[in-house]
Every structure is written in structure tokens, then in C-alpha cells.
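*Asks:* pasting the sequence and the predicted model now:
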Amino acid sequence: MAGSQIEITAAQPWTAPSSAALNAVVHFARRKPIGAVSALLIVLMVAVAVTGQWIAPYQYDTLDIPARLNSPSLTHLAGTDAQGRDVFSRVIFGANTSVLIGFGAVIVSTIIASVIGVISGYKSGWFDTVVQRFVDVWQAFPGLIFVIFLVAILGASRLTLILTMGLLFSAGTSRLIRSATIAISSESFIEAARSLGARDTRIWLRHIMPNIVPIIIVSMSLRIGAAIILESSLSFLGYGTPPPFPSWGRMLQEAQPQMTEHPYLALVPGIAIALTVYSFNMFGDALRDVLDPRLRGSR
């Protein structure tokens, strides 16, 4: 009996977690098939962004003037632009820009919003009132103008875009985290932690943050799509990452003069933007339905 018990205990670390994760994935795919397909597209897009320099048929800055404005063919799957650069390769390299800036901006905004939202919601009272008035002013600035203003001062670069966009998104995200913190702060286990003499930082890190992680994950997945659209808009206006490194938004801007006769120049990066944003939005929506207990069983 004792030997069999030891054998079962030793097998648990190997079989139980993997089977539980697999069951969770299968359950998610069955319940939210569109969300599962979107998750696969996101994984594919991230893989393309990471391995773009090895899988792209050409370099993003390779010029072939005699082949300029060629229609899609076996040599150039998505045609060439006005400078003879391969459009398909530039879309692949552009995925690196969009995905990196999108994820980076959302991570920065989540860190800032978590600090502001948790402290403001937990402290409440006059402190919460003052902080929320600052957040109101923060949100009152037009988002695109706010980012353009900071980029014009600091200079266009990936790091600048990540920081400025993260700063912009953090205001709205902090409101969401604050609301969740207020709801959790009224629970009995928080009162028990206070009565036992737990410090505020311990309560924030050990009791509040673990309970709002699902909300943060859903918010991040939905914000990434908005960040990609904003980055593309900035690049279209000339405030994105500096050339020659490609960006989907800049590709749309460069396609304007030839868009009528060569629609593929705008169609290919446009589809890439739409498909990526749609995937993140659908995946975030599916995650919200699965992780939010108030929505379980409602759809």
C-alpha cells in the first residue's frame, strides 16, 4: 500500500498539470471556437514577428528598380512597391514593429495602471478622489494628439512609442483595476489580513493582485489591438518608427500615390492590420467570457 502511494505521488507532477492544461485548452476551444482560432492566429503572428528575418524571401530594404511596381507573382508574392522592394517581405518585417510596440505599450500601461488603480482603490477617501481627478485630466487629452506631441519632443523611435502609448493607455486601464480593487477590498479575507496586522504592500501583492489577474489579462489582450491601430495611425502620419525599417502604417502612406493602379500596395498591409487587430479583439472577448464569473453560462 505504501509503495503504491509513493508511486502515485511521484507521477502527479508529470501527468496532472499537463492533462489539466490540455483539458482547459480543449474546453476553451469547444466553448469559444472563434477565440481559439484567434489565439492560433495570434501565435502565428508572433512567430512571424520573431522569425521574420529568417523566413522573409527578401530583406526589407533590398531595392530592385527594374522590378518596381510589379504585380503579385511567384517571384514577388505580393508584388513590389515604387522602389522595387518586396511587399510581402516588408509586411513580414512590419509585423515585428507592430507586435513589439503593441505588446510593449500594453505591458508599460498595465504596470502603471496596476500601481495607480490598486493603491487608489484600496486607500479610497480623499486620496482616491485626488488621484481620480488627475486621471480625469489625463483622459481628457485627445489620445492621438497626446502621443504626437510627446513623439515630436522626444523623437520617433520604438522605445518612445512604447513609453508614450503605454502612458496614454494606463489612464483607462487604471479605472478598471481600481473598480476591481474596490470590490475585492470589501471581502472578508482582506479584513482578516488587516486584523492580523498585515501591511498594505503585503495585502496588495498577496491578496489583491492575484484576484485581479484575470481582469488584467483580458484588458491587456483587448488593448493590444488598440495599440496596433494607434501605432499604424502614427506611422501613417509620419510619427512612427523612422525609415527604412517598415511599418504597416507607413506602407499604407507610401501606397497612396499608386493605390488606384496598384491596389495590392495598400491591400496587403491593410489586411495584416485588420486580421491582427480582429484576432486580439476576438481572443480578448472570449477570455472575458471565460474568466469573468458574471458572464459564465450567459453565452
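*Replies:* That came in fine, so what should we check first? Bear in mind that the values here come from a model prediction, so they are computed numbers and not experimental data. Numbering: from 1, shown residues only.
*Asks:* mind checking the longest helix of this protein?
*Replies:* Looking across the chain with DSSP state H, the single longest helix is helix 87-123.
*Asks:* can you give me the buried ones in it?
*Replies:* Neighbour-count burial for helix 87-123 flags 87-106, 108-110, 112-114, 116-122 (criterion: 16 or more other CB atoms under 10 Å). Where C-beta positions appear, they are placed from N, C-alpha and C, glycine not excepted.
*Asks:* which other helices and strands does it contact?
*Replies:* Counting by 3 or more CB pairs under 8 Å, 6 or more residues apart in numbering; DSSP states H and E, the packing neighbours recorded for helix 87-123 are helix 33-55, helix 125-140, helix 158-185, helix 209-237, helix 248-255, helix 264-291.
*Asks:* deepest of these, which one?
*Replies:* Greatest average neighbour count among the helices and strands packed on helix 87-123 goes to helix 248-255 (a mean of 23), per mean count of other CB atoms under 10 Å.
*Asks:* figure out how far it is from the centre of its chain.
*Replies:* In terms of CA atoms, centre = their mean, to the nearest Å, the centre of helix 248-255 is set 21 Å apart from its chain centre.
*Asks:* quick check: mean pLDDT across that helix?
*Replies:* Confidence over helix 248-255 (mean pLDDT, whole number) is 87.
*Asks:* which helices and strands does that helix pack with?
*Replies:* So helix 248-255, by 3+ CB pairs under 8 Å, 6+ apart, packs with helix 87-123, helix 209-237, helix 264-291.
*Asks:* helix/strand/coil for Gln83?
*Replies:* coil (DSSP: H, G, I helix; E, B strand; the rest coil).
*Asks:* how about Ala156, phi and psi?
*Replies:* Geometry field for Ala156 lists phi and psi as phi -80, psi 120, criterion degrees, to the nearest 10.
*Asks:* and stretch 43-61, how far from the chain's centre?
*Replies:* The gap between the average C-alpha position of stretch 43-61 and the chain average comes to 19 Å, counting by CA atoms, centre = their mean.
*Asks:* er, stretch 172-186 I mean
*Replies:* Offset of stretch 172-186 from its chain centre (CA atoms, centre = their mean): 20 Å.
*Asks:* where does the prediction get shaky in the stretch 1-150 of the chain?
*Replies:* For the stretch 1-150 of the chain, applying pLDDT under 70 flags the ranges 1-21, 24.
*Asks:* mind running it again at 80?
*Replies:* For the stretch 1-150 of the chain, the stretches flagged by pLDDT under 80 are 1-32, 62-67, 124, 143.
*Asks:* and the residue lying closest to Val99 once chain neighbours are set aside, what is it in contact with?
*Replies:* The shortest distance from Val99 to any non-neighbouring residue, by CB to CB, 6 or more residues apart in numbering, is to Ala49 (4.0 Å). By CB atoms under 8 Å, 6 or more residues apart in numbering, Ala49 lies in contact with Ala95, Asn96, Ser98, Val99, Leu100.
*Asks:* with respect to Ser221, which of those residues is nearest?
*Replies:* Within those, proximity to Ser221 (CB to CB) peaks at Val99, which comes in at 13.2 Å.
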